[in-house]
Structures are given as structure tokens and as C-alpha cells.
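1. sequence and predicted model, in that order:
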Amino acid sequence: MTQDELKDAVAAAAIDEIAPHLERDTILGIGTGSTANRFIDRLARLRDDFMGAVASSEASAERLRGHGIEVFELNSVGTVPYYIDGADEVNAHLHMIKGGGAALTREKIVAACAERFICIADASKRVERLGDFPLPVEVIPMARSYVARELVKLGADPVYREGVITDNGNRILDCFEFMIDDPVAMEARINAIVGVVTNGLFAARGADVLLLGSDTGVERLT
Ligand code: 5RP
């Protein structure tokens, strides 16, 4: 199977996972990226079975609205029963690196408000140790150089993601050469640097369910 077919398969599996639990007043949390897009496209077929969604990016909000799915502000919703999103890397503990699409901060906020985080990913995202994928860090623009110097002290090789401004008006530093042995500790350590808005480690709040697509089918890991 191609990677796109695997993304389709996990999107379909996520629909199967949530569909029996949808009610007319259900508001879902929806992530960002090519795998999340496939989920959104399939969710459109169920749009009369639930109330709407909170989106983790302007791009996902636009796609949801394009399918006639109402998009709500998180502040008016409170909690969501499910947050469904992809990942750039995921380990055996369902800790993830996310933010390849620069949506990490809103993704982390919606995930924090979710009762269950369902991660959908093709098998290429499954790793033993996080860090081959460069860890994104969202920073306040004026703090970019300071944060980069602090990240070097932690052992990373941060590279400014040229031309990218996040939905929150901030910048992204991608940390290369940064293998992460203790994702929970490193997530907190990076967040403690002044000027950091969020980092792409989703470990303190990892996924609850991983739907992992490979040539042998979709594996459900918890
Ligand atoms: C966006 C993300 C995405 O979930 C992550 O980049 C995976 O994307 P894709 O499904 O396109 O591989 O964190 O900020």
C-alpha cells in the first residue's frame, strides 16, 4: 500500500472508532495535516449525526466548513469527547512529535481539552526513540534568537523555519540532531525557556489510542 492509502485506512478506522458514539450535540476536536484532512473528508458523510467541530488550525477550519461542518470556538465549547489528529513521530508510550505543519500550539490546546486523543498515523511514523523528525518549537518572534541559543545548550541544532508564520503570529524553530530519551522531562524543560509558546513534544498529554496503518492492516494500540 502507498503512504496515502495507509493514511486513508487509518482515517477510516478513526471514523469507525467514533461513529457509534456521535450524538446530535457532539462537538469533535480536529487536527491538522494530510492524515487529518482525510479524516475530515470522511467525517463529512456523517455531518448530520453530530453538531460540529473545533479545529486546530485555520486550514482545518476551512476544510471543515467546506464540507458544511460547523466550526466552533474552543472557548464556547469547553471539552470535546475526542481529538483526532496525525503525528510526525509516535513511540510505544504514545508520546508524539507534532508540528510539522506548524499547528502545534492549537493542536496541544485542543488535545488538552479532549477526553480522548486518537492519533492516526501510517507505520512510517512509529519510532523507538523520538527525535529523528526535527522537533518544532513555536516562539514569540522577538525571542527567536534567545530561544535558539537556549536550545543549543540543551543539545539541539535549531533551524529557523523560513517564511512560516503560525496561526498565532509566531515563528518556528526546528530542532535537528536532537534525540529525546525522556520526552516528558524535555517537553517541560523546553516550555520553561522564556519566549517559547509551545514545543512539539506531546508527552505530558500523549495519545490515548493509536491507529497505526501498515501493509498488514490497521493496528489499534493503547
Ligand atoms: C501539524 C501536525 C500533523 O499532525 C503532523 O505534521 C502530521 O502530518 P501528516 O498527517 O500530514 O503527516 O502536527 O502541525
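-> Received it, and whenever you're ready, just let me know what you need.

2. and P136, how far is that from T32?
-> Note on P136: its distance to T32, by CB to CB, to the nearest Å, is 12 Å. In this view, the C-beta of every residue, glycine as well, is placed from N, C-alpha and C.

3. please apply the same query to V159.
-> 21 Å.

4. between those two, which is the more surrounded one?
-> Just comparing V159 and T32: by other CB atoms under 10 Å the higher neighbour count belongs to T32, 29 against 13.

5. now do the contacts for that one.
-> T32 makes contact with 55-57, 59-60, 85-86, 101, 103, 106-107 under the criterion CB atoms under 8 Å, 6 or more residues apart in numbering.

6. domains for this protein, by residue range?
-> According to the TED database, the chain comprises the domains 3-127+204-221, 135-200.

7. any idea which of those domains is most buried?
-> Ranked by mean neighbour count, the domains of the chain are led by domain 3-127+204-221 with a mean of 19 (mean count of other CB atoms under 10 Å).

8. how far out from the middle of the chain is that one?
-> 8 Å (CA atoms, centre = their mean, to the nearest Å).

9. pairing partners for V80 in the sheet, please.
-> Beta-bridge partners for V80, by DSSP bridges, are A114.

10. the strands in the protein, which residues?
-> Using DSSP state E, the strands of the chain run over 27-30, 52-55, 80-85, 89-90, 96-97, 114-122, 135-139, 157-160, 171-176, 196-199, 201-202, 209-214, 217-221.

11. confidence score at A111?
-> Per-residue pLDDT puts A111 at 98.

12. quick one: it from M96, how far?
-> 10 Å.

13. next, show the common contact partners of these two.
-> F202.

14. in contact with L64, which residues?
-> Contacts of L64 by CB under 8 Å, 6+ apart are 30, 40, 52-53, 55, 70-71.

15. which parts of the protein sit against the ligand?
-> 31-35, 85-88, 98-104, 107 (CB under 6 Å from any ligand atom).

16. out of the residues you listed, list just those in helices.
-> Here DSSP state H is the test, and the residues of the chain next to the ligand give 34-35, 104, 107 as lying in helices.
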